[in-house]
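Asker: the sequence and its predicted three-dimensional model are supplied below.
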Amino acid sequence: MSENQLKEKAKNASQNAYAPYSNFKVGCAILLKSGNVYTGCNIENASFGLTVCAERNAIANAIASEGKIELDKVVVYTPTSTPTPPCGACRQVIHEFGSPTVSSFCDSGESTKHRMEELLTNAFNLNKD
Ligand SMILES: O=c1ccn([C@H]2C[C@H](O)[C@@H](CO)O2)c(=O)[nH]1
Ligand SMILES: [Zn+2]
């Protein structure tokens, strides 16, 4: 699936966001190495800390359907005038499932594209022996 098709899916997913507190509806589409695509939106909670981002919900959706996953591309839509790459928590969770490209786009049409290593340098890993 093309980057533009992934953008369309991410923006569509944002329409399902539950964001009554921030009114900031985010959507995410992820392309797996398997070739399949999953989406997610942010889901807020009255207990603010329980809010889950669009990116992590997309990953949860993929794992619920496929079990083991490997991320190829992550595309995020935010309702902003400049592209907004994922928050730190999402970067660490994306890192858990591969080293995808991460694209962010917004309402101005502007977009950014980063490799995971740029977004999360020296990532935390459990290097047990
Ligand atoms: O990477 C991010 C950062 C924030 N949000 C959501 C969480 C919250 O509902 C709203 C404002 O922070 O945006 C995401 O979906 N992804
Ligand atoms: Zn996040």
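Answerer: Perfect, I can see it now. Ligands and ions are numbered 1, 2, ... in the order given.
Asker: give me the three-state assignment for the residue nearest the centre of the chain.
Answerer: The C-alpha lying nearest the average C-alpha coordinate of the chain belongs to Glu55 (Cα atoms, centre = their mean; 2.7 Å). Here Glu55 is helix, with the state taken from DSSP: H, G, I helix; E, B strand; the rest coil.
Asker: skipping its backbone neighbours, what lies nearest it in space?
Answerer: Cys90 (4.0 Å; Cβ to Cβ, 6 or more residues apart in numbering). Yep, even glycine has a C-beta here, placed from its N, CA and C like the rest.
Asker: phi and psi next, for the one you found.
Answerer: phi -70, psi -40 (degrees, to the nearest 10).
Asker: OK, contacts around it?
Answerer: By Cβ atoms under 8 Å, 6 or more residues apart in numbering, the contact list for Cys90 reads 53, 55-56.
Asker: which of the residues you listed lies closest to ligand 1?
Answerer: Cys53 (3.2 Å; Cβ to the nearest ligand atom).
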